[in-house]
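A.B. asks: need the 3D shape of this:
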Amino acid sequence: MATDAAKSLLNDIATSGQAYESGDREAKRKLLHLCQELTVELEQPGETFLRHNWVEVRRLSDRKP
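C.D. replies: You can find the predicted model right below:
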């Protein structure tokens, strides 16, 4: 079940999405930040551990110089 914080973040994401579609230059940065915050809010501790120790490391290692 979604928490009040998650519901609030979803509303903020929807608002920022509309701003992004209308051409607001800061909206993309804000959208990315809000989506990261929502991920943190919804993740279980084990999922956070996996993301930090597997997914993020893998993503960084796939980058080309």
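
A.B. asks: got any ranges where the protein has weak pLDDT?
C.D. replies: Along the chain, the model assigns pLDDT under 70 to residues 1-2, 59, 63-65.

A.B. asks: now do the biggest helix by length in it: which elements does it pack against?
C.D. replies: The residue-count maximum for a helix in the chain (DSSP state H) belongs to helix 4-21. Contact analysis of helix 4-21 by 3 or more CB pairs under 8 Å, 6 or more residues apart in numbering; DSSP states H and E lists helix 27-42 as its packing neighbours. C-beta here means a position set from N, CA and C on the backbone, and glycine is covered the same way.

A.B. asks: the helix it packs on packs against which elements?
C.D. replies: helix 4-21.

A.B. asks: outside of the helix it packs on itself, list whatever touches it.
C.D. replies: 2, 27-28, 30-31, 34-35, 37-38, 41-42 (CB atoms under 8 Å, 6 or more residues apart in numbering).

A.B. asks: one more pass at 7 Å, please.
C.D. replies: By CB atoms under 7 Å, 6 or more residues apart in numbering, the residues outside helix 4-21 that reach it are 27-28, 30-31, 34-35, 37-38, 41-42.
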